[in-house]
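Student: Any chance you can model this:
(one chain, ligands or ions: 1)
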Amino acid sequence: MSHTTRRRRAAMAAAATLVAPLALAVAVTGTATSAAAHGSVTDPPTRNYGCWERWGDDFQNPGMADLDPQCWQAWQAEPAAMWNWNGLYREQVYGDHQGALPDGQLCSGGQAEGGRYDALDDPGEWYATGVDHQFELTLTDGANHGADYLLIYVSKPDFDPTTEALGWDDLDLVKETGSYPTQSPYVTDVDLTGYEGRAVLFTIWKASHADQNYYLCSDINIGGPDLVPGDGEVDPTDPPVDPTDPPVDPTDPPVDPTDPPVDPTDPPVEPGEGCSAEVTVVGSWSGGYQATVTVTAGAAAISGWQVDVAGASIVQAWGGSASGTTIANAAWNGSLAAGGTATAGFIGSGDPSGLTADCTGV
Ligand SMILES: [Cu+2]
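Tutor: As a prediction, this is how the structure comes out:
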């Protein structure tokens, strides 16, 4: 990756530090609200939950391509697979999991939800969480559906997740649990004695409220440490990626050296013009959608902004912190020159029609 980009990120980080004291009061009120719907195996993390956990607040960091290439390809294919990490399920399966999921499509739930999770089937060097031979699996369910059962499989010793997509023949069933009451998390012990090294842990969660079945792939390293993609191959001269760095904003206008100098006879900029905002739905699915909020400063610079998206039920936000229907700037994108823009995004639940955005500058 380009060193120019890294330097630019460093410069932006420094700039963000300068505006931080003002913006911090807004930022610490909380990042994205936690997801309310459905769930996933959070320990050892599933492919998409792990990507969201490692990169969700730094998703525009181009370093992801080097440091976590499988997450990178998944982000490129469909960002909502990560933002909506808790929605990988199928309905009307009638207990026939093998009939519902063709070989090679187990990690996407048989290309569930219109293919939103297809990138999770991709073989490759997924980040693998180190586990002992005996460990506890945790499934976190924001909706408290309960469970009729969990079925837990591990891939056979001759299966290589870096080159093969998972099929039913690749799996050994190692655990079938009883039911769980409607109180998350659902935790069970797993015994993988006799297995060693990189493997896929495949969990089926049969939710209790409906014929709703979750198919969840977690990459693990049995009896070893976390397997970090490109282990030992990352250029040692690369600066480490700071997960607290602000993401690069691709909408930043480049500086145009041919810009005319400001005419001193121009009328002074009107103070207090505030900002305007637009909300654009970039994708939707049954029960939810992803939207982008674009903020444009008015005739004066602003040092922070807050957008009320009337009608939105915000599940997760990025590029800003959400509270109720309001998204406030993040620490790094609050300060805008006159006419400058910033973007934030969010996942909403329900129907996106009729959303409006109203901006207040600070
Ligand atoms: Cu649900």
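
Student: could you check the distance from the residue of the chain found nearest the ion over to Ala112?
Tutor: Nearest residue of the chain to the ion, counting by Cβ to the ion: His38, 3.7 Å away. For every residue, glycine as well, the C-beta is placed using N, CA and C. His38 is 12 Å from Ala112, where distance means Cβ to Cβ, to the nearest Å.

Student: Common neighbours of the two, please.
Tutor: Common neighbours of His38 and Ala112, using Cβ atoms under 8 Å, 6 or more residues apart in numbering, are Tyr89.

Student: who touches Gly130 in this structure?
Tutor: For Gly130, the contact set (Cβ under 8 Å, 6+ apart) comprises Ile220, Asn221, Gly224, Pro225, Asp226, Leu227.

Student: you'd agree it is in a helix?
Tutor: No - going by DSSP: H, G, I helix; E, B strand; the rest coil, the assignment for Gly130 is strand, not a helix.

Student: partner residues bridging it?
Tutor: Taking DSSP bridges, one obtains Asn221 as the residues bridged to Gly130.

Student: how much space between it and Leu139?
Tutor: As judged by Cβ to Cβ, Gly130 and Leu139 stand 19 Å apart.

Student: Gln70 now?
Tutor: Using Cβ to Cβ, Gln70 is found at 22 Å from Leu139.

Student: Grab the nearest non-local neighbour of Ala210.
Tutor: Leaving aside its chain neighbours, Ala210 sits nearest to Glu91 (6.6 Å; criterion: Cβ to Cβ, 6 or more residues apart in numbering).

Student: So the one you found is in contact with His209, correct?
Tutor: No - with contact defined as Cβ atoms under 8 Å, Glu91 does not count as touching His209 (11.0 Å).

Student: What segments of the stretch 151-300 of the chain are strands?
Tutor: Listed in chain order, the strands of the stretch 151-300 of the chain (DSSP state E, counting those that start in this stretch) span 171-176, 186-191, 197-207, 212-222, 275-285, 288-297.

Student: Likewise for the stretch 1-150 of the chain?
Tutor: For the stretch 1-150 of the chain, strands defined by DSSP E, counting those that start in this stretch occupy the ranges 39-43, 89-91, 129-131, 134-141, 147-155.

Student: I'd like to know which elements the first one is packed against.
Tutor: Here strand 39-43 is seen to pack against helix 47-55, strand 134-141, strand 197-207, strand 212-222 when contacts are counted using 3 or more Cβ pairs under 8 Å, 6 or more residues apart in numbering; DSSP states H and E.

Student: and the closest residue to Gly288 other than its chain neighbours, how far is that from Ser313?
Tutor: The spatial neighbour of Gly288 that comes closest, neighbours along the chain excluded (Cβ to Cβ, 6+ apart), is Ser349 at 5.0 Å. Separation of Ser349 from Ser313 (Cβ to Cβ) stands at 5 Å.

Student: Any residues of this protein in contact with the ion? List them.
Tutor: Taking Cβ under 5 Å from the ion as the contact definition, the chain meets the ion at His38, Ala143.

Student: mind checking how far Ile220 is from Thr294?
Tutor: Going from Ile220 to Thr294 by Cβ to Cβ gives 41 Å.

Student: who has more neighbours, the two?
Tutor: The neighbour count for Ile220 versus Thr294, taken as other Cβ atoms under 10 Å, is higher for Ile220 (28 against 18).

Student: Tell me the confidence at the more buried one?
Tutor: Ile220 is assigned a pLDDT of 98 by the prediction.

Student: quick one: it and Thr129 touch, right?
Tutor: Yes - using Cβ under 8 Å, Ile220 is in contact with Thr129, at 5.5 Å.

Student: so what sits against both of those two?
Tutor: In contact with both Ile220 and Thr129: Pro44, using Cβ under 8 Å, 6+ apart.
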